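K.L.:
any chance you could fold what I've pasted below:
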Amino acid sequence: MSTAPVTETPPSVKTEASRQSATGPFWLPIWTLTVRELVRFFRQRTRVVGALGQPLLFWILFGAGLKGSFQPPPWADWPMSYQEYFFPGVAVMILMFTAIFSTISIIEDRREGFLQGVLVAPVSRLSLVLGKLCGGTVLAVLQAGLFLLLAPTMGIHLTAAAATLTFAWLILLAFTLTALGFVIAWPMDSTQGFHAIMSVFLMPLWLLSGAFFPGGESGWLSWIISANPLTYGMAGLRRLLYFEREIPDGAGLPSLAVSLVVTCLFCATCVGLSVYLARRQVSKDAR
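P.N.:
Residues are numbered from 1 along each chain as shown. All right, here's what the predicted structure looks like:
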C-alpha cells in the first residue's frame with residue numbers, strides 16, 4: 001500500500017503562524033473589551049452627566065462660594081483665584097468618576113454572565129485586565145480633555161509641548177485610577193457595596209490629594225496628604241499645567257520627578273493586583 005508523501009511545513013511559515021497565534025489572542029481581547037466599553041458608554045448618556053456634569057457643578061459652586069476666603073498656596077507667586085486652584089482638581093475628579101463608572105460594570109458583567117464567558121475563554125488574564133483598563137482610560141481622558149479646554153478661561157495657556165505632556169499625564173493617571181477601581185470592583189457582588197467604598201475611600205482619597213484645598217502646615221492632615229499616592233498625581237498635573245512658570249521644588253508641591261515615580265509605582269501596584277485578582281478562581285465566577 002502506497003502512502004502519500006509527507007510535506008514538511010517550511011520554518012518561515014511555522015514562525016509566522018506561531019507569531020500570529022501568540023500575538024492574536026493577546027491583543028484581540030484588549031481591543032474587543034475596549035471597544036465594548038466605548039459602545040456601552042455612548043449608549044448610556046446618563047454616564048456623561050454623572051462623570052462630567054457633577055464635577056462642573058462643583059467647580060462653579062465651590063469656586064464662587066470659597067473665592068473670598070481662599071489663600072493661594074506658597075508655590076503660587078501670582079494672584080490665584082480659588083477656581084483656578086480647583087481647576088486641576090476637577091480634572092482629576094472627572095478621571096476618577098469615569099474610572100468608577102467604567103469599573104463598576106465588572107459587577108454587572110458578573111451578574112449577567114458575560115464575565116464568566118470571558119474567564120473561560122482561552123485568553124490571558126492580563127489581556128482581560130488591560131482591555132477593561134484601556135476602555136476606562138480612553139473614556140476618562142476624553143472627558144477630562146474636554147474639560148481642560150476651559151483652561152484659557154483661568155489664565156492657563158499651554159504650549160504645544162506642555163499640552164502633549166499634560167495629555168500623557170492624563171493617560172497615566174486615568175490608567176492608574178481605572179486599575180484602582182478594578183481592584184475594588186472585582187471582589188464585590190453588589191453595586192451598593194461599590195458606592196459605599198467610593199464614599200468612604202475614593203472621595204477622601206481625592207479630597208486629601210490637594211485637589212480641594214492646599215495641604216500647607218496642617219499637622220497630622222499634612223502627613224496624610226503626603227502619604228496619599230494621588231497627591232503626587234495631582235501635583236504632577238499642576239506642574240504640567242503651569243509648565244512655563246517653572247514652579248521651584250520645595251515650595252510645598254512635590255517635584256515632577258517625584259510625582260512621576262510615585263504615580264508609576266502606584267499604577268504598577270494597582271495593575272499587578274488587578275491581574276492577581278483576575279487569576280484567582282473563586283466560586284462566584286463559576287455561577
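
K.L.:
what's the helix or strand harbouring residue 110 packed up against?
P.N.:
Using DSSP states H and E, residue 110 falls within helix 105-112. Packing partners of helix 105-112 (3 or more Cβ pairs under 8 Å, 6 or more residues apart in numbering; DSSP states H and E): helix 114-119, helix 160-185, helix 191-197. For glycine as for every other residue, the C-beta is placed from the backbone atoms N, C-alpha and C.

K.L.:
average pLDDT across that helix?
P.N.:
Averaging pLDDT along helix 105-112 gives 79.

K.L.:
wouldn't residue 31 be in contact with residue 131 here?
P.N.:
Yes - taking Cβ atoms under 8 Å as the definition, residue 31 is a contact partner of residue 131 at 7.5 Å.

K.L.:
looking at the two now, which is surrounded by more residues?
P.N.:
The neighbour comparison of residue 31 against residue 131 (other Cβ atoms under 10 Å) goes to residue 131, with 23 against 13.

K.L.:
what about the more buried one, helix or strand, and which?
P.N.:
Using DSSP H and E, the element containing residue 131 is helix 125-148.

K.L.:
quick one, that helix and helix 160-185 angle?
P.N.:
130 degrees (axes from the mean of the first three to the mean of the last three Cα atoms, to 10 degrees).

K.L.:
angle of helix 125-148 against helix 105-112?
P.N.:
Taking the same axes, to 10 degrees, one finds helix 125-148 and helix 105-112 inclined to each other by 130 degrees.

K.L.:
can you tell me which helices and strands helix 125-148 packs against?
P.N.:
Using 3+ Cβ pairs under 8 Å, 6+ apart, the elements in contact with helix 125-148 are helix 11-43, helix 82-103, helix 160-185, helix 256-279.
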